[in-house]
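> Provided below for reference: sequence and predicted model.
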Amino acid sequence: MASGGSSESWAVTLRGRPLAEISVRLIDAETSRTRATGLTDLEGRLWVRHPDRGVAVSLCAANRTVSIHRRAGGPVVCTPPMSLPPDGTLELADTPHCAELAIAAECSTVMRRTFDTLAPGLGGAARPPTRVVVPDKSPARLAFVAPVSWPDGRPELRLQRTDAPSGEWPRAGVIAHELAHAVHFRTMPLRTRLNIAARYSAWLASKVATGEAPTHAPAIATTPLVAWLEAFGMLGERFDAYARALGSRVSAAELGPGFVDEELSGGPRLSRQTPGYWPIDTIRPIGHGRIDLGVEGHVYASVFVHRGAEVGLQRAVADYLGSGAAGVTSYEQFRTYLAAVA
Ligand SMILES: [Zn+2]
């Protein structure tokens, strides 16, 4: 156990993985009163000042990025109080419910690694955490972000149980993709989000009515609205994969230009290690040849890759998110918006 004068620390782990930025309550074992609250640090360590045998801890699936609930309107998921083991490691029982703690840790990591880099100040700072409901009880089979939710109208992320990261984190891209939608929706006024909710649902219903799968993919035509929204989901997913692959070897300032170069050169770092990697380098920007505004890969390439190469990726993202506040929901509207703010 690491010992630092009057403080001691415990490594909080699940399947041996450290859980960074998880809410912790220190509880008096006798009175059940909360003595202190805090977060595990970036290495997943829990620091306790003057620990004694009368203290227990409860871990909650919440941090500055998300709060995780098992049902809409329900409480944040927390563990029962546990005593602190003498060996300095708090390894959690590997139950399905502990997956919620891992999701909260992963959301916080992705927010820091990806959205704090792409959109400093807009990603997580000074905003209430995004509510996440897992498992989602709606008929949807995939993760999604509701642009408006009960009771306060805020966007809400819904994850399926199969999205729960555990072991090898089989669907790491899901969290980055969905957090992108949450970050985007948070920039928008309520009326824009209500409008999106109605139009996106209409598209899903039209697909179901014609017997087609209501899914989207980089090269498939959907609608200008769906392509506009999903282009940012693509960015979250792809940028996070890039930042994760490079780890701490590259500074935040280098990540943006490096990522744009990666995309424009066919993904030499990512294509080998990412199953199903979809190269973007053959997609020319909108306005040069046959490009469909209803194809998310085309919108993505134009707004983030080619424009990112021209004005910088952070600026391209700032314009995209800024246009959300102005009610923009398609590439065509974005062009008008850019001409007006230039
Ligand atoms: Zn999406």
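Looks like it came in fine.
> and the residue in the stretch 1-150 of the chain positioned nearest to the ion, how many neighbours?
Closest to the ion within the stretch 1-150 of the chain is residue 144: 6.9 Å, counting by Cβ to the ion. Where C-beta positions appear, they are placed from N, C-alpha and C, glycine not excepted. By other Cβ atoms under 10 Å, the residues close to residue 144 number 19.
> what's the answer for residue 83, then?
12.
> so who does the closest residue to it other than its chain neighbours touch?
Nearest residue to residue 83 in three dimensions, chain neighbours excluded: residue 56, at 5.4 Å (Cβ to Cβ, 6 or more residues apart in numbering). Neighbouring residues of residue 56 by Cβ atoms under 8 Å, 6 or more residues apart in numbering: 26, 27, 28, 29, 81, 82, 83, 84.
> could you verify that residue 56 is part of a strand?
Yes - the assignment for residue 56, made by DSSP: H, G, I helix; E, B strand; the rest coil, places it in a strand.
> okay, and the beta partners of it?
Residue 56 has these beta-bridge partners by DSSP bridges: residue 27, residue 83.
> hang on, the earlier thing: for the residue of the stretch 1-150 of the chain closest to the ion, which non-adjacent residue is closest in space?
Closest to residue 144 by Cβ to Cβ, 6+ apart is residue 158, at 5.6 Å.
> what pLDDT does the one you found get?
On pLDDT, residue 158 comes in at 92.
> ok, residue 28 next?
According to the prediction, residue 28 has pLDDT 91.
> might one say that it is in contact with residue 35?
Yes - between residue 28 and residue 35 a contact is recorded at 5.4 Å, counting by Cβ atoms under 8 Å.
> how about the longest strand belonging to the chain as PDB, C-alpha atoms only?
Taking DSSP state E as the criterion, the chain has its longest strand at strand 7-14. The C-alpha coordinates for strand 7-14 follow below in PDB (Å, rounded to 0.1, in the frame of the first residue of the first chain):
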ATOM      1  CA  SER A   7      -2.900   9.700   3.400                       C
ATOM      2  CA  GLU A   8      -3.100   6.300   2.000                       C
ATOM      3  CA  SER A   9      -4.200   5.100  -1.400                       C
ATOM      4  CA  TRP A  10      -6.000   2.100  -2.800                       C
ATOM      5  CA  ALA A  11      -6.000   0.900  -6.500                       C
ATOM      6  CA  VAL A  12      -9.600   0.500  -7.600                       C
ATOM      7  CA  THR A  13      -9.700  -2.200 -10.200                       C
ATOM      8  CA  LEU A  14     -12.200  -4.400 -12.200                       C
END
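> contacts for the helix or strand just after that strand?
With elements assigned by DSSP states H and E, the helix or strand that comes after strand 7-14 is strand 17-18. Contacts with strand 17-18, where a contact means Cβ under 8 Å, 6+ apart, come from 11, 12, 40, 43, 44, 45, 102.
> neighbour count, distance to the ion and secondary structure for these - can I get that in a markdown table?
What follows is these, written out as a markdown table (neighbours: other Cβ atoms under 10 Å; distance: Cβ to the ion, whole Å; DSSP: H, G, I helix; E, B strand; the rest coil):
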| residue | neighbour count | distance to the ion | secondary structure |
| --- | --- | --- | --- |
| 11 | 19 | 35 | strand |
| 12 | 25 | 31 | strand |
| 40 | 26 | 29 | coil |
| 43 | 11 | 31 | coil |
| 44 | 19 | 29 | coil |
| 45 | 17 | 34 | strand |
| 102 | 22 | 21 | helix |
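> can I get these in TSV with pLDDT?
Listed next are these as TSV, based on pLDDT from 0 to 100:
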residue	pLDDT
11	95
12	94
40	96
43	94
44	95
45	96
102	88
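> as CSV, those with distance to residue 131 would be great.
Converted to CSV, the contacts of strand 17-18 look like this (distance: Cβ to Cβ, whole Å):
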residue, distance to residue 131
11, 28
12, 23
40, 21
43, 27
44, 23
45, 27
102, 17
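> whatever residue of the stretch 101-250 of the chain ends up closest to the ion: how many residues sit nearby?
Using Cβ to the ion, the closest approach of the stretch 101-250 of the chain to the ion is made by residue 233 at 3.6 Å. For residue 233, the neighbour count with other Cβ under 10 Å is 22.
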